[in-house]
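A.B. asks: 3D, please:
(2 chains)
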Amino acid sequence: MVDIFKTYLDTMARNGLIDSGNALMGLADATLDWNRPDDPACKKLSPLFDHLNINALIFARPAEPYWTIINYLAQVSIGPITPKDCETRTFLHDLPITENLSADTLIPILRHRKSSIVKDHGIVTYGTVSLEQPLVTFSSVCFACFVKFFSDMLAETKSGNMNTVKQGILESVTAMLPPPFEKNPPALSIGPFTFEKEVLQGVCEAGSQVVNLGLVDSSFGNISYRANDILYISQTGSFLDDLSGFIDPVPLDGSSCTGITASSELSAHLEIIKQTGCRAVLHGHPKFSVILSMYCEVECCEHRGNCHRACPHARDACSIPIVSGEVGTGPYGLCRSVPKALKNRPGVIVYGHGVFTSDHTDFNHALYNLIDIERQCRIEYFKKINMMAY
Amino acid sequence: MFGWHGKILRIDLNRQSFEIESADTACCRKFIGGRGLAGYFLKEYITLPYDAPEMPILFFTGPLVATPSPTSGRMTIMSKSPLTDTIGDSSVGGSFGTMLKKTGLDGIIITGRSDLLCGIEIHDASVRLVSAKALAGRKISDLTRILQSKGAIAAIGPAAENGVKYANIIIDGHYAAGRMGLGLNFASKNIKYITVKGTGKTEVADPVALKQAGEDIFRLVSASPALMGDYGISRFGTGALYDLMDARHMMPTLNFKKNRFDHAASLNAPAYRNRFIPKSTGCRGCHIRCKKTASDGRPLPEFETMSHFSALIGNQNMETVMAANHFCNEHGMDTISAASTLACYFELAGKHPASENIIALLSDIVYQRGTGKQLGKGSARLAEDFGFPEASMTVKNLELPAYDPRGAYGMALAYATASRGGCHLRAYPVGHEILRKPVPTNRFTFAGKARIIKLQEDVNAVSDSLTACKFIFFAASVEEYAKVYSAITGLSFSGHELMKAGERICYQERIMNTQNGFTAKDDDLPARFFIPQVNNNDAYQPPAINRTDFLAARAAYYVVRGLDENGMPGREKAQELGL
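C.D. replies: Okay, here's the model as predicted:
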């Protein structure tokens, strides 16, 4: 059991979601085990296992800058926090808030939602299968709040509603951001890759770098490489920085269904390589690219509220096209919008979601473009709010 | 009431009488509908023999049926299983559930026995009992053609009429209420068919909230690779799992002696698609449309059938799989049990006949000729007759489906604890152990699986009672379906409150099985899975399950489920659940 807790604690710390070791985790089978059985919060949270149909729980105060952001949003929000990013819209719906860390207040909330922000304490999330569920939810909450916070601040600035309190919190959060990306990313293996072993190594290497550079939390994003009429793609629910053994070979002639466990963006990857002829595809969730994708200056737009599905306007951020599109293969699936937009472009930003980049040889240019798009978007964001601290 | 009509039709074949009974609102809330409500009405009769006239056959829809809720076209048929002696229920698609709900009924309870082979015809408020003498022995496609103007059809074929223990009821010509031998329950009452046609509506409390909740689910379904992905079941049918099971060394081969099949690549779903150019169809109220029909009108086999009529019996001829599937459907016989019983027989007899002889053997079963008489009793009784019960790959006499439990330990535990016997659908751990949803779990460990299996059993009991398709829970969760349920019924229910109902339904089934003498000794797997194979030259040799670990996981399951160490339910837990 100790090993299981350590695995998830390490993953959360590695992704910058918590300070090292700073999460309480509970896992129940016939008995309930905690990673820190002497933590006073265990007593408060144990009843959740009796009253909810769950087997795993994480309670933690997120690392900075997430914690300042989340606590601020919790203080100013009337009712649940309602981010508009893709993860929230698809999986979380909204982010409820509770006033104190007690089973009595948490149980009614968690009966309806996968997580609750507890003011001045942290985030409580649960799972019904494994600790991976609350970890993914925790990560989603942090990402969603980050995007909402900076989106809100941009909107306040543009509408002239900033005040000293908001400016103060914005400056303090900005001061905690990691430094901007260097223009030159770390070098990755040189392609083209021909042998399966090379492909798998190349995919694993690039996946790790995307996470290490903070371009996506490890439980999101996806990556693929085409070689010998096979698309090698990360599996759905895989950790991008731990892909060994979790890459599906998908024959391009459609002769096998083993791709049923591939990333939910398999369709987009297949279409991208078909329409652009590229070999390598990267998809991450760099935050400022996502934030700028959701900032639109069109006034009184009749399509407002439908931007994530079918925005009719040609939009861009830092000359990178922004397209609508939902996860997967539905009528508004991003597999319909991204491939076309990616032709002859360094990348595409999907509204409220993330960035796709590609390359004809290996992952070097795809990674460079992913970094550069985020670097430019971050600069552009701070220009828009008249702050130089980027 | 919204969602439910509050009306149940009772048909007494002894007296040839029909009565409308009011459904208790509190009871509907406690047991939801479908499997839950059917179990509630079955429980006082459960110790009777399956063919006692008083033993009811129950058809129950749920509050979601005949509403715009996603995948709401299913229903439950339940009685006591002739094959397993456990509770015997089957969630089935097609249009019967929707039509039944449109007549203004939530369910039908049939007792008694007709003197002559009969049909029951329901058209809105009209119920007729008619002679079906002229239809005796007729196959499913004949019945479908003859009866199609009368609405949705539930019918049995010759397999049930001739006493095959794993005979099915077939809905609308193609959708099998399978696994439990419910066709034999029909036959025991001298019912050949039921038709139902309705024109009414189901009132929904909050249509706007229902639309919103439905959109949330559609969005999740679109994001699911297993459902709507390029290689998902919407495109390829459930056969999409075939390659994966082989790749994960989980394809039961030669009566579970191996776990990979040399010919799998040429018998997978893309191969069927290329050869038969199928069209997609589906149950009422479902946009996934996982059912595939060949251009010649024959249904493509579901995954279990594809796997068992190829790998399990050592057949590499695709046309034989198609023909066997079609034959079983036409005669109303369960494909999993039929193939598994053949595999057991081949092992016992020490021979594997040519593929062309498979259909002849199936025919012998249906018409009870020669060896077919023994085969028609199922593999457990067959293996007993041969004096080698170990050859039967069953749990509680139910033949195991096409997931080798040595490759997924949650599945091993789920087979053992399922209330209707060796069934994959009660907990369906394939979701997290193989398809990686909602998140992946380590398939080679029992750690944590007891609680996971218990929770998933509860979820699937909810799904079978609402009623919704289990497949959609690869993408959505009870959190989303609670919103659907609340919008339809006007009752404020959370996902966790629905899960409490699911727990109640599962516990009620445990109580019923206990009343029929089932104990921990029945919650077990065939010995083969615990014994290391001796052929060291075989690369496809399945690793044995550690029996000590299995028993520990089962004991943990009993604790989580609120059972004693012998798997028996207790009064205190029953009271806590309102039973």
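A.B. asks: Counting neighbours, what do you get for the residue in the stretch 201-350 of chain B that chain A sits nearest to?
C.D. replies: Closest to chain A within the stretch 201-350 of chain B is B:S222: 3.0 Å, counting by C-beta to the nearest C-beta. For every residue, glycine as well, the C-beta is placed using N, CA and C. Residues within reach of B:S222, counting by other C-beta atoms under 10 Å in any protein chain shown, total 22.
A.B. asks: Just say helix, strand or coil for the nearest residue to it once chain neighbours are set aside.
C.D. replies: The shortest distance from B:S222 to any non-neighbouring residue, by C-beta to C-beta, 6 or more residues apart in numbering or on different chains, is to A:G330 (3.0 Å). When classified by DSSP: H, G, I helix; E, B strand; the rest coil, A:G330 comes out as coil.
A.B. asks: Can you list the residue ranges for strands in the stretch 101-250 of chain A?
C.D. replies: For the stretch 101-250 of chain A, the strands defined by DSSP state E, counting those that start in this stretch cover A:115-118, A:122-127, A:222-227, A:230-234, A:247-251.
A.B. asks: hang on, the earlier thing: show me what contacts the residue nearest to B:S222?
C.D. replies: For A:G330, the contacting residues are B:F218, B:R219, B:V221, B:S222, B:A223, B:M228, by C-beta atoms under 8 Å, 6 or more residues apart in numbering or on different chains.
A.B. asks: Tell me where the longest helix sits in the chain.
C.D. replies: Chain wasn't specified; assuming chain A. helix A:132-159 (DSSP state H).
A.B. asks: my question was about chain B
C.D. replies: Max-length helix for chain B by DSSP H is helix B:495-515.
A.B. asks: other SSEs contacting it?
C.D. replies: helix B:25-31, helix B:34-42, strand B:87-92, helix B:449-466, helix B:478-489, helix B:547-561, helix B:571-576 (3 or more C-beta pairs under 8 Å, 6 or more residues apart in numbering or on different chains; DSSP states H and E).
A.B. asks: touching chain B at all, stretch A:223-235?
C.D. replies: Yes: when contact is scored as C-beta under 8 Å from any C-beta of the partner chain, part of stretch A:223-235 falls within range of chain B: A:Q235.
A.B. asks: Name the residues of that stretch that are buried.
C.D. replies: If you call a residue buried by 16 or more other C-beta atoms under 10 Å in any protein chain shown, then stretch A:223-235 has these buried ones: A:I223, A:S224, A:Y225, A:R226, A:A227, A:I230, A:L231, A:Y232, A:I233, A:S234, A:Q235.
A.B. asks: Farthest-apart pair in these, please.
C.D. replies: For the buried residues of stretch A:223-235, the farthest-apart pair by C-beta to C-beta is A:A227 and A:Q235; their separation is 17.5 Å.
A.B. asks: does chain A sit close to stretch B:244-263?
C.D. replies: Yes: contact of stretch B:244-263 with chain A (C-beta under 8 Å from any C-beta) involves B:L244, B:A247.
A.B. asks: Quick check: mean pLDDT of that stretch?
C.D. replies: The average of the pLDDT scores along stretch B:244-263 is 94.
A.B. asks: hang on, isn't B:F327 packed against B:I359?
C.D. replies: Yes: between B:F327 and B:I359 there is a contact under C-beta atoms under 8 Å: 5.7 Å.
A.B. asks: Neighbour count for the two, which is higher?
C.D. replies: Using other C-beta under 10 Å as the criterion, B:F327 and B:I359 rank with B:F327 on top: 20 against 14.
A.B. asks: for that one, phi and psi?
C.D. replies: Here is the backbone geometry of B:F327 (degrees, to the nearest 10): phi -60, psi -50.
A.B. asks: residues in contact with the nearest residue to it once chain neighbours are set aside?
C.D. replies: Sequence neighbours aside, B:L362 is the residue nearest to B:F327 in space, at 5.2 Å (criterion: C-beta to C-beta, 6+ apart). Applying C-beta under 8 Å, 6+ apart, we find B:L362 in contact with B:A324, B:F327, B:C328, B:H331, B:M333, B:A338, B:L342.
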